[in-house]
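*Asks:* generate a structure from the sequence data that follows.
(chains A and B)
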2 protein chains.
Amino acid sequence: MDEMLQGIVKAFPDRLRFTEGDPRGIIRADAPVQGKVAIATGGGSGHLPVFLGYVGKGLVDGCSVGNVFSSPSADTMAQVARQIHGGRGVLFLYGNYFGDKMNFDLAAEILEDEDGIRTLSVRVADDVASAPRDRWESRRGVAGIFFAYKTAGASAERGDDLEQVAEIARRATSRTATMGVALSSCTIPASGKPTFEIGDDEMEIGMGIHGEPGITRTKLMSAGEIAERVVPELIRDLSLAAGDEVAVLVNGSGATPPEELFIMNREVHALLEKEKIRIYRTFVGEYATSLEMAGCSVSLFKLDDELKMLLDAPADTPFLNTFGGV
Amino acid sequence: MDEMLQGIVKAFPDRLRFTEGDPRGIIRADAPVQGKVAIATGGGSGHLPVFLGYVGKGLVDGCSVGNVFSSPSADTMAQVARQIHGGRGVLFLYGNYFGDKMNFDLAAEILEDEDGIRTLSVRVADDVASAPRDRWESRRGVAGIFFAYKTAGASAERGDDLEQVAEIARRATSRTATMGVALSSCTIPASGKPTFEIGDDEMEIGMGIHGEPGITRTKLMSAGEIAERVVPELIRDLSLAAGDEVAVLVNGSGATPPEELFIMNREVHALLEKEKIRIYRTFVGEYATSLEMAGCSVSLFKLDDELKMLLDAPADTPFLNTFGGV
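*Replies:* Numbering: from 1, shown residues only, chains lettered A, B, ... in the order given. Next comes the predicted model:
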């Protein structure tokens, strides 16, 4: 993990740096940005660009990096927050997992007691397969976290205060729904064995990004059949109706060729068009991976005018923008 | 293939469109750009973002798309060239493969005879494992084509004439060296079987992007050992010496997690630093894939002042720039 982080900072030294005194924190090279609400994220490794790939202008200011699939420590979270704090408080924005919640809550206490830094927390829980909407506390955060980063990041960048940035983050997560499918398992390096067994002719619907079991296992389906299984669940979860406007994210889990993601995108568009749901923007690529798991997820983000503006605001991370700054 | 292309154009309708009258050509939405040298590329599918992912402002204007690992037709190439031609000629810039050369040469004849459109051709041949430098005609074009696209694209964008754009493309390819390794095979969809067999504990050094055999097969090596095998070959091929300046590209073949690419990047940086070769910029990610092959390649691009400026010029493709235009 340390070698990976060194490789990242060596690749992008103008844009990212280590948190002073903590080799598991990565922050914007120009942090702290004075007068701006800071956003911190964090979580286990193995999901790049989630989480630290979203550190950048117009996105988040810093990230705490855990070992593969395990939470970073509260100490790292507190240290990151101290070094990105620009005088207007810190939003903790992260995926809804127990270990991360425990540590971020502890970090918030430390920061309030020891540093007098105010924090708010918003957890992203977009995986419709993990729990129904009325049991939100049990939902996992997956690829849809991209939309929360993007819109809350733009909110902070335009000068909103901590409550406003948190409100945008909550609004984004409540309007995002994701469902994933997996065709092969990931292998945690420390274990060296696939996390789950799955036949060459099988797939799992509703898979989590750590190999958590999904809703059902089936024979391999075509892209069209997968879309027909997944998209109606997302439409139902978000109560989408004709005339509503969405952003689409077709995310690759790691080992799936981009060619296949675009075939999936075609099917998703066709189903949304049939329901007269308007597509404002589309994102296709690796936005949240699970090591070398083969599969993909589809996210829909129900937009309003403000969220559209925030989605389109300039942003910059070397992970999603080879051609640099804004 | 047609479904994939429809999925791409549906994802990015503001930036890409089909060539009129040919569903295998993809061009900039605003083509032709009048008064600018146009650049066309093309080749087999299965390598996204190579080739069509480089269609965009500051890069190439159009792309002919073949079936998986096979050349597009001369007719498509000619049709793409006609629709991107802005009055100052067309550069064909593509990888050094026999089928592509045959078809691009034929397209050039058609365009000269039937349309009076002037073309020049530059082939990229950066794979040091495929042939020595003095047998350049036998070298394969691989991930280093990114540097030729980027610099020739910037040359065209600033208003250079056809000879000048071709000169930049030739200079970029002569100064780029790449070597790849593979840990697993890709599977061509039409065959349904892995292209080559390789043991779980083996890897192939010098692998091509279509599964062409490399130089040697070995037991699995660590990132550090791979870098020690690959980087000296690149240094030798480019006659790099202390004080020279390079750009580094660590490219994922498809199934290798970004985490591992950054570990490789760390090792590449360490070896270059030991040789006092200066690193101007680093690119890490999927720039040229081979379906779901596991592995990576390392490219070095020997810079001069003009190439540095062209490398840094604004550019925009939805494949490498989630956050949009320039």
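*Asks:* could you look up the SS state of A:D14?
*Replies:* Classification of A:D14 by DSSP: H, G, I helix; E, B strand; the rest coil places it in coil.
*Asks:* what's the burial count for the nearest residue in space to it that is not next to it in sequence?
*Replies:* Once flanking residues are discounted, A:D14 sits nearest to A:A29: 6.0 Å by Cβ to Cβ, 6 or more residues apart in numbering or on different chains. Placement of C-beta: from N, CA and C, glycine included. Neighbour count for A:A29, taken as other Cβ atoms under 10 Å in any protein chain shown: 14.
*Asks:* and the one 10 residues further on, by the same measure?
*Replies:* A:I39: 30 surrounding residues under other Cβ under 10 Å.
*Asks:* that one should be in a strand, yeah?
*Replies:* Yes: note on A:I39: a strand contains this position according to three-state DSSP.
*Asks:* and it, what does it touch?
*Replies:* Applying Cβ atoms under 8 Å, 6 or more residues apart in numbering or on different chains, we find A:I39 in contact with A:59-62, A:84, A:90-91, A:93, A:149, A:152-153, A:156, A:165.
*Asks:* how about A:A241?
*Replies:* A:I277.
*Asks:* quick one: A:G199 from chain B, how far?
*Replies:* Separation of A:G199 from chain B (Cβ to the nearest Cβ, to the nearest Å) stands at 15 Å.
*Asks:* where's that residue, which helix or strand?
*Replies:* If you go by DSSP states H and E, A:G199 is not part of any helix or strand.
*Asks:* again with A:N251
*Replies:* strand A:245-252.
*Asks:* check A:S184 too.
*Replies:* Using DSSP H and E, no helix or strand contains A:S184.
*Asks:* hmm, it is touching A:L291, no?
*Replies:* No: if you go by Cβ atoms under 8 Å, A:S184 and A:L291 don't touch, sitting 10.5 Å apart.
*Asks:* who's more crowded, these two?
*Replies:* The neighbour count for A:S184 versus A:L291, taken as other Cβ under 10 Å, is higher for A:L291 (28 against 22).
*Asks:* for that one, which non-adjacent residue is closest in space?
*Replies:* Ranked by Cβ to Cβ, 6+ apart and with sequence neighbours excluded, the top spatial neighbour of A:L291 is A:C186, at 3.9 Å.
*Asks:* what number of residues lie near that neighbour?
*Replies:* 27.
*Asks:* so it makes contact with A:T195?
*Replies:* Yes: the pair A:C186 / A:T195 is scored as a contact, 5.7 Å apart, by Cβ under 8 Å.
*Asks:* now the common contact residues for the two.
*Replies:* A:210-211.
*Asks:* contact partners for A:G87?
*Replies:* A:32, A:34-35.
*Asks:* let's see that with 7 Å instead.
*Replies:* A:34-35 (Cβ atoms under 7 Å, 6 or more residues apart in numbering or on different chains).
*Asks:* pLDDT wise, what is it at?
*Replies:* A:G87 is assigned 98 on the pLDDT scale.
*Asks:* just say helix, strand or coil for it.
*Replies:* Going by three-state DSSP: A:G87 is coil.
*Asks:* kindly provide the distance from it to B:T119.
*Replies:* Applying Cβ to Cβ, to the nearest Å, the value for A:G87 to B:T119 is 59 Å.
*Asks:* how many neighbours does A:E167 have?
*Replies:* When counting by other Cβ under 10 Å, one arrives at 16 neighbours for A:E167.
*Asks:* for chain B, give me its nearest residue in the stretch 1-150 of chain A.
*Replies:* A:G7 (3.5 Å; Cβ to the nearest Cβ).
*Asks:* what's around that residue, how many residues?
*Replies:* 25.
*Asks:* now the residue nearest to the spatial centre of chain A. Nearest residue, chain neighbours left out?
*Replies:* Central residue of chain A (Cα atoms, centre = their mean): A:I145, 3.0 Å from the mean position. The shortest distance from A:I145 to any non-neighbouring residue, by Cβ to Cβ, 6+ apart, is to A:V124 (4.4 Å).
*Asks:* cool, A:Q164 as well?
*Replies:* Per Cβ to Cβ, 6+ apart, closest to A:Q164 is A:S155, 6.2 Å.
*Asks:* that neighbour against A:L310, yeah?
*Replies:* Yes: between A:S155 and A:L310 there is a contact under Cβ atoms under 7 Å: 6.0 Å.
*Asks:* which residue ranges of the stretch 1-150 of chain A form helices?
*Replies:* A:2-11, A:74-84, A:98-110, A:145-157 (DSSP state H, counting those that start in this stretch).
*Asks:* what helices or strands is the shortest one leaning on?
*Replies:* The elements that helix A:2-11 packs onto, with contact taken as 3 or more Cβ pairs under 7 Å, 6 or more residues apart in numbering or on different chains; DSSP states H and E, are strand A:16-19, strand A:22-28, helix B:258-274, strand B:278-285.
*Asks:* contacts for the longest one, please.
*Replies:* Residues external to helix B:258-274 that are found in contact with it (Cβ under 7 Å, 6+ apart): A:3-4, A:6-8, A:10-11, A:45-46, A:48, A:289, B:223-224, B:226-228, B:231, B:248, B:250, B:252, B:279, B:282, B:284-285, B:296, B:298.
*Asks:* quick one: buried residues of it?
*Replies:* Going by neighbour count (16 or more other Cβ atoms under 10 Å in any protein chain shown), the buried part of helix B:258-274 is B:258-272.
*Asks:* about what we covered before: the residue nearest to A:L291 contacts A:G211, doesn't it?
*Replies:* Yes: between A:C186 and A:G211 there is a contact at 5.7 Å, judged by Cβ under 7 Å.
*Asks:* now do the shared contacts for these two.
*Replies:* Common contacts of A:C186 and A:G211, defined by Cβ under 7 Å, 6+ apart, comprise A:195, A:290.
*Asks:* having no further points to raise, I will conclude here.
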